[in-house]
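Visitor: give the three-dimensional model of this entry:
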Amino acid sequence: MANRRRGHRRRAGEPAHTAPRAPRSTTCCRIADLQHPIIAVDGPSGLDLATGVSYDALPARLTVTFGAPRRGHLLARDEVGDLVVVEIGLPAPDPSWPTLVQRGWAASRLAQLPSRSHKGTRGRVVIVGGSEGMTGAARLAARAAFGAGGGLVHVVAPIGAATTLRTAEPDLQVLEHAFEAPLDHALIALLHSADVVVIGPGLGRAAGASRLRPGRARRERARGDRCRRAGRLRDALPELSALAARKPLVLTPHLGEFRALFPGCSHSLETDPWGAAESAAAVVPGIVLLKGVPTVIAQHDQPTRTVAAGNPGSPPAAAGMCSRGYSAP
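Guide: Numbers count the residues shown, from 1 in each chain. Below is the predicted model:
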């Protein structure tokens with residue numbers, strides 16, 4: 001379902017870019033004082049549906065809109081409340097507009113598992129991360145990789161963290177490797193055997209971690225399909241173009257990481273994450289998955305997709321690790 005690029009005026013005629021004016025503002029204040037559930041048509045008065053900016057908007061329990069959700073509906077959840085979209089036969093949207101990811105589309109993208117498949121045929125995922133004190137990040141990514149259908153999931157971690165991972169996750173295969181040490185034959189062989197390498201969950205900024213950044217991993221692996229990266233992307237940004245020229249690349253920054261990676265694309269990040277992600281995808285030839293509520297997935301010359309799922313009960317850190325794991329198989 002298309003996500004409209006432009007906001008619309010309220011059906012009552014109140015401009016979307018200003019707060020409600022008198023006498024309507026007085027009425028809104030009285031309604032708010034009553035503390036009754038409010039149903040908004042199209043959008044709450046005072047909410048800019050193009051940007052999600054609230055100008056003293058009257059929060060609604062339920063919003064009913066038509067044809068498709070607007071950007072402001074997805075950016076201002078507290079003001080919009082539950083959203084119902086009513087189909088009224090509007091013309092098909094421009095194919096270049098962002099689309100909303102729905103359950104059926106997402107399910108269709110999951111790999112089909114034949115009845116005779118086994119762990120050796122369902123893909124090998126190698127996760128590099130889980131520094132001491134940050135093993136939870138690697139565990140979350142690994143669980144998500146299993147949940148998405150991965151057959152074999154490995155974690156490369158330092159000695160102390162590796163012991164913790166073996167105890168906590170017996171289904172993981174753990175390779176001990178000090179991040180400050182040169183890549184040994186066992187690690188090189190594991191990278192060569194991987195279908196996907198996920199670099200970053202809990203990797204941290206410890207001394208030597210840059211040895212395992214994407215460029216180095218790229219030179220040591222032969223046939224892996226994708227290399228995904230998290231906390232140390234900024235250090236490897238100059239190498240990403242070379243990496244993406246050979247294998248599909250997915251970056252999964254949250255808002256803070258995005259600002260550090262792409263400062264030139266972040267001026268309107270809060271009000272236009274779609275434009276920010278699209279600008280970043282034009283800089284780095286790969287898929288940019290900008291985590292947040294909503295999450296925006298952008299790729300150069302491809303339709304931009306929006307994931308409206310998620311809520312404050314999904315901590316950004318946990319959501320980030322799981323997004324990398326789910327996208328791996």
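Visitor: low pLDDT regions in the chain?
Guide: Low-confidence segments of the chain, defined by pLDDT under 70, span residues 1-16, 205-246, 311-329.
Visitor: show me the strands in the stretch 201-329 of the chain, by range?
Guide: For the stretch 201-329 of the chain, the strands identified by DSSP state E, counting those that start in this stretch occupy 226-229, 249-251, 287-290, 295-299, 305-307, in order along the chain.
Visitor: same list (those) but as TSV, adding mean neighbour count.
Guide: Placement of C-beta: from N, CA and C, glycine included. Putting the strands of the stretch 201-329 of the chain into TSV (neighbours: other CB atoms under 10 Å) gives the following:
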stretch	mean neighbour count
strand 226-229	27
strand 249-251	23
strand 287-290	25
strand 295-299	23
strand 305-307	21
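Visitor: out of those strands, nearest to Leu74?
Guide: When the strands of the stretch 201-329 of the chain are ranked by distance to Leu74, counting by CB to CB, first place goes to strand 305-307 at 6.6 Å.
Visitor: distance between the closest one and the chain's centre?
Guide: Here strand 305-307 shows a centroid-to-chain-centroid distance of 9 Å under the convention CA atoms, centre = their mean, to the nearest Å.
Visitor: and it, which strands flank it?
Guide: For strand 305-307, the paired strands and their directions (DSSP bridges) are strand 99-100 (parallel), strand 295-299 (antiparallel).
Visitor: mind putting those strands into TSV with distance to Phe66?
Guide: Compiled in TSV, the strands paired with strand 305-307 are given as follows (distance: least, CB to CB, whole Å):
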stretch	distance to Phe66
strand 99-100	15
strand 295-299	23
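Visitor: please identify which of these is closest to Leu140.
Guide: Closest to Leu140 of these, according to CB to CB: strand 295-299, at 16.3 Å.
Visitor: picking up where we left off before, nearest to Thr63, of the strands of the stretch 201-329 of the chain?
Guide: From the strands of the stretch 201-329 of the chain, taking CB to CB, the stretch that ends up closest is strand 305-307, at 17.0 Å.
Visitor: just the residues contacting the closest one, thanks.
Guide: For strand 305-307, the surrounding residues in contact (CB atoms under 8 Å, 6 or more residues apart in numbering) are 3, 74, 98-101, 274, 294-298.
Visitor: which one of the residues you listed is nearest Val288?
Guide: For Val288, the nearest member of these is Ala298. The distance, counting by CB to CB, is 4.9 Å.
Visitor: quick one: contacts for that closest one?
Guide: With contacts defined as CB under 8 Å, 6+ apart, the neighbours of Ala298 are 274, 277-278, 280-281, 287-288, 290, 304-305.
Visitor: how about 6 Å then?
Guide: When contacts are counted by CB atoms under 6 Å, 6 or more residues apart in numbering, Ala298 touches 277-278, 281, 288, 304.
Visitor: what's across from it in the sheet?
Guide: The partner list for Ala298 in beta bridges (DSSP bridges) reads Val288.
Visitor: try Val174
Guide: Taking DSSP bridges as the rule, Val174 bridges to Val155.
Visitor: same question for Val196.
Guide: When bridges are called by DSSP bridges, Val196 pairs up with Val125, Arg226.
Visitor: might one say that it is in contact with Val125?
Guide: Yes - if you go by CB atoms under 6 Å, Val196 and Val125 touch, sitting 4.9 Å apart.
Visitor: spatially nearest residue to the spatially most central residue of the chain (excluding sequence neighbours)?
Guide: The central residue of the chain, meaning the one whose C-alpha is nearest the mean C-alpha position (CA atoms, centre = their mean), is Lys291 at 3.3 Å. Nearest-residue entry for Lys291: His254, 4.6 Å, with adjacent residues in sequence omitted and distances by CB to CB, 6 or more residues apart in numbering.
Visitor: picking up where we left off before, and Val196 and Val125? which has more neighbours close in?
Guide: In this comparison of Val196 against Val125, neighbours counted by other CB atoms under 10 Å, the higher total goes to Val125 at 29 against 25.
Visitor: and the gap between that one and Ala141?
Guide: From Val125 over to Ala141 the distance is 9 Å, taken as CB to CB, to the nearest Å.
Visitor: just Ala68 next, same as before
Guide: Taking CB to CB as the measure, Ala68 and Ala141 are separated by 33 Å.
Visitor: check Gly67 too.
Guide: In this view, Gly67 and Ala141 are 38 Å apart by CB to CB.
Visitor: name the residue in the two with the higher neighbour count.
Guide: Just comparing Gly67 and Ala141: by other CB under 10 Å the higher neighbour count belongs to Ala141, 30 against 17.
Visitor: regarding the more buried one, what is its secondary structure?
Guide: Reducing the assignment to helix, strand or coil with DSSP: H, G, I helix; E, B strand; the rest coil, the entry for Ala141 is helix.
Visitor: so which of the strands paired with strand 305-307 gets nearest Ser131?
Guide: Comparison of these against Ser131 by CB to CB identifies strand 295-299 as nearest, at 25.6 Å.
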